[in-house]
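**Q** I'll drop the sequence and a predicted model, then ask my questions.
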Amino acid sequence: MPEQVTEDMGALARGVSVNLYGSGFNMATRLMFNVLVARLLGPDHVGIYFIALSVANLLGVLAAGGLDTTLVRYLSRQRASGDWGRFRGTLRFVLQIAASISLAATTFILVGAPWIAAKLLHNPEVKTPLRIIAFWVPLYVAENLMLAATQSFREMKYKVYIDSFLDPSLRFVLVIIVYLLGGGLNAILSAYVFSLLVCAVLAAWALRRCIPVPLAAYSPITSRREILGFSSPLFAYNVLTGIALYADSLLVAHFRSAAEVGTYSVAVRVVAVTGFITPVLGQIFGPICSELHHRGDLQQLANAFKVVTLMAVQLFLPILLLFFALPHQILGVFGSGFRGAAPCLLLLMVGQSANYLTGPSGLVLNMAGWTRLQLYNVTFSACLQTALDLLLIPRFGIMGAAAASCTSLMSLNLIQLYQLNRRLHFHPFSRALAKPFLAALAAGAAAVLVWKGLTLGPLLSPLLMGSVTILTYMVTLVALGLDQHSRLALEHVRSVIGMRFRRTPQTVLTER
């Protein structure tokens, strides 16, 4: 492997070892929160809860519309050049656009809640939850844009502290308090909105803390046409992404019962937790990819792409094994009423596998500048999923929704992989990928032996099977031999974990 790629992968390994903490905590806390809500409300009421959230999330994605990326791009340049007049003008203009769209979305939900509940969702009980969660939209947009603006100062800590740590933790605590006080579905949704209000206020405070000058002293200068020209394709991309993310849940709500919405939404969110590896790698690999492509070092980019894919697959395969070994037990954590969604969960995991096995192809296409091509790809994927949802959900329910999601996701990844190979002439596959798959086969065989050979009860048997599966996978993978970059990443994780406990040479000399 070329030396430059080794250095880049060293940076990747260091970044992954740090970012895994924030992302892991965020995902774990959100998963525990969903478990708590599901156990408190049950399938029927949690279905109404997720219907309201899906409507709000869809409108929130539309209101944000890629404006966060716009802020990072323009504010970073204006901050670096000290052009605080343009900084103020850009910030104000983008916030005005976002405020207008988000307030229009909130008004639409507040006024149209009876019609949405009765005509679109066929469930009058959704009306009041929709009106409560309507206030979530402007708060979500405000927090998202304020934290994006702090990133223009190269400050990631505020986003990590507020969005990854505080928001899910505060929400979890508030829901427990609400439940102990006797609150139900509407009270839980109110706590959800209140936690975001606190985070939005703190995000505004964080941005004010980052800005080193009094902005009021500078006359705002706004390049409206340039900003709108850059953000318009991003807006379209986000609209289509939002449709792809939430259309299935809303169409299940339209054609089926609230209980089915609840079980499907729980399965979707459990699978979504397994996707945290991709953005962790992408946050570090994105700049490396952009730099290598800009320099024209396509061979180094190809090697780095293979390394990133290998790291992602190695981390994902044991998770996939656990899901296939214990689907009923995983869903049973949310309550016995959700166990029936196990086949749906496994089908969704097949679609998630495509994200890992094809590597971060979409990220490479974006960093190479083919954003319009990506827009076409997402358009095709969203249209395909919506068409399949309309065809399959009325007949097959949540299994039809899972099949539509799986098909569209696999199609999108295969298209991106083909385009990447055709334009840059490389792919994510390497001989090193054989080792994690062999380790997965060994772990799967061990899980089958435990399942057939031991019966220790409904609690101990799954724990033993899961432990044996993970241990067998890890031991086999190490025995087959880790590649140099995986060893480097593991060493950085060890160094971060043991940093506070490792004695320095000076300490040893002092003790002696």
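**A** Alright, I've got the coordinates.

**Q** only C-alpha atoms for contact and neighbour calcs from this point on.
**A** Noted.

**Q** where does the stretch 251-400 of the chain have low pLDDT?
**A** Across the stretch 251-400 of the chain, the ranges flagged by pLDDT under 70 are 280, 282-284, 286-288, 290-291, 294.

**Q** Let's see that with 80 instead.
**A** In the predicted model of the stretch 251-400 of the chain, residues 276-298, 366-372 satisfy pLDDT under 80.

**Q** what about the helices in the stretch 401-512 of the chain?
**A** Remark: helices assigned in the stretch 401-512 of the chain by DSSP state H, counting those that start in this stretch are 434-453, 460-480, 484-497, 505-511.

**Q** Now do the first one: which elements does it pack against?
**A** So that's helix 434-453. The helices and strands touching helix 434-453, judged by 3 or more C-alpha pairs under 8 Å, 6 or more residues apart in numbering; DSSP states H and E, are helix 298-325, helix 460-480.

**Q** give me that answer again for 6 Å
**A** For helix 434-453, the contact count by 3 or more C-alpha pairs under 6 Å, 6 or more residues apart in numbering; DSSP states H and E identifies helix 460-480 as packing neighbours.

**Q** before we move on, what about the longest one?
**A** In terms of contacts (3+ C-alpha pairs under 6 Å, 6+ apart), helix 460-480 is packed against helix 434-453.

**Q** Which parts of the helix it packs on count as buried, going by neighbours?
**A** 435-437, 439-444, 446-447, 450-451 (16 or more other C-alpha atoms under 10 Å).

**Q** what's the closest of those to F276?
**A** Relative to F276, the closest of the buried residues of helix 434-453 is P436; by C-alpha to C-alpha it sits at 19.1 Å.

**Q** ok, now how distant is the closest one from L414?
**A** Distance, P436 to L414, using C-alpha to C-alpha, to the nearest Å: 21 Å.

**Q** Between the helices of the stretch 401-512 of the chain, which has the poorest mean confidence score?
**A** Among the helices of the stretch 401-512 of the chain, helix 505-511 carries the lowest mean pLDDT, at a mean of 38.

**Q** circling back to that earlier point, redo the buried residues of helix 434-453 as a markdown table? Include distance to F396.
**A** Formatted as a markdown table, these follow (distance: C-alpha to C-alpha, whole Å):
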| residue | distance to F396 |
| --- | --- |
| K435 | 38 |
| P436 | 35 |
| F437 | 33 |
| A439 | 35 |
| A440 | 32 |
| L441 | 32 |
| A442 | 35 |
| A443 | 33 |
| G444 | 30 |
| A446 | 34 |
| A447 | 31 |
| V450 | 34 |
| W451 | 31 |
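
**Q** ok, so of those residues, who is nearest S164?
**A** Nearest member of these to S164, counting by C-alpha to C-alpha, is P436, at 30.0 Å.

**Q** And the strands in this protein?
**A** When assigned using DSSP state E, the chain turns out to have no strands.

**Q** quick one: A401 from L482, how far?
**A** From A401 to L482 the distance is 38 Å (C-alpha to C-alpha).

**Q** Out of the two, name the residue with the larger neighbour count.
**A** A401 (29 against 15; other C-alpha atoms under 10 Å).

**Q** show me what contacts the more buried one?
**A** 248, 389, 393 (C-alpha atoms under 6 Å, 6 or more residues apart in numbering).

**Q** List the contacts of stretch 352-367.
**A** Counting by C-alpha under 6 Å, 6+ apart, 290, 309, 313, 410, 416-417, 428 sit against stretch 352-367.

**Q** Run a quick neighbour tally on N238.
**A** Look at N238: counted by other C-alpha under 10 Å, it has 22 neighbours.

**Q** how much space between it and L417?
**A** Distance of N238 to L417, given as C-alpha to C-alpha: 21 Å.

**Q** One more: L181?
**A** 52 Å.

**Q** Could you save the contacts of A401 as JSON lines and add columns showing distance to I109 and neighbour count?
**A** Output for the contacts of A401, formatted as JSON lines (distance: C-alpha to C-alpha, whole Å; neighbours: other C-alpha atoms under 10 Å):
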{"residue": "D248", "distance to I109": "19", "neighbour count": "27"}
{"residue": "D389", "distance to I109": "24", "neighbour count": "25"}
{"residue": "I393", "distance to I109": "25", "neighbour count": "23"}
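
**Q** Save these as TSV, and put in distance to N303 too.
**A** Listed next are those as TSV, based on distance: C-alpha to C-alpha, whole Å:
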residue	distance to N303
D248	37
D389	38
I393	42
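
**Q** Tell me the one of the residues you listed nearest I330?
**A** Among the contacts of A401, and counting by C-alpha to C-alpha, the member closest to I330 is D248, at 22.0 Å.

**Q** Now do the contacts for the closest one.
**A** Contacts of D248 by C-alpha under 6 Å, 6+ apart are A401.

**Q** just the buried members of the contacts of stretch 352-367?
**A** Buried members of these, scored by 16+ other C-alpha under 10 Å, are 290, 309, 313, 410, 416-417, 428.

**Q** Out of the residues you listed, the closest to Y473 would be?
**A** V313 (12.6 Å).

**Q** Quickly note the distance from the residue lying closest to the closest one once chain neighbours are set aside to T469.
**A** Among residues not flanking V313 along the chain, Y356 sits closest, at 5.9 Å (C-alpha to C-alpha, 6 or more residues apart in numbering). As judged by C-alpha to C-alpha, Y356 and T469 stand 20 Å apart.

**Q** Look up phi and psi at S223.
**A** Dihedral angles of S223 (phi, psi; degrees, to the nearest 10) stand at phi -100, psi 80.

**Q** Give the burial count for it, as a bare number.
**A** S223, neighbours per other C-alpha under 10 Å, totals 11.

**Q** residue ranges for the helices of the stretch 101-250 of the chain, please.
**A** Along the stretch 101-250 of the chain, counting by DSSP H, counting those that start in this stretch, helices occupy 127-133, 136-151, 157-158, 167-180, 185-210, 224-255.

**Q** related to what we said a few turns ago, farthest pair within the buried ones among the contacts of stretch 352-367?
**A** Pairwise distances across the buried ones among the contacts of stretch 352-367 peak at 25.1 Å for S290 and M410 (criterion: C-alpha to C-alpha).

**Q** Out of the contacts of A401, the closest to I133 would be?
**A** For the contacts of A401, the residue nearest I133 by C-alpha to C-alpha is D248; the value is 19.6 Å.

**Q** Chain neighbours aside, what residue packs nearest to K159?
**A** K159's closest residue in space is L147 (C-alpha to C-alpha, 6+ apart), at 5.7 Å.

**Q** Give the burial count for that neighbour, as a bare number.
**A** L147 has 28 neighbouring residues, counting by other C-alpha under 10 Å.

**Q** Just the local confidence number for it, please.
**A** If you check L147, the pLDDT there is 89.

**Q** Quick check: nearest residue in space to F429, chain neighbours excluded?
**A** Spatial nearest neighbour of F429, chain neighbours left out: K306 (6.2 Å); criterion: C-alpha to C-alpha, 6+ apart.

**Q** burial of that neighbour, as a residue count?
**A** Counted with other C-alpha under 10 Å, K306 comes out at 23.

**Q** Is it in contact with R431, as I believe?
**A** No. K306 is beyond contact range of R431, at 9.9 Å (criterion: C-alpha atoms under 6 Å).

**Q** Quick check: closest non-adjacent residue to P462.
**A** L326 is the one closest to P462 (C-alpha to C-alpha, 6+ apart), at 6.9 Å.

**Q** Let me see the backbone angles for that neighbour.
**A** phi -130, psi 50.

**Q** heads up, I number from 277, so please use that
**A** Let's use 277 as the start, then, which means that last one is L602.

**Q** Could you tell me how far it is located from V546?
**A** Relative to V546, L602 is positioned 13 Å away (C-alpha to C-alpha).

**Q** With neighbour numbers in mind, choose between those two.
**A** Between L602 and V546, V546 has the larger neighbour count (other C-alpha under 10 Å), namely 22 against 16.
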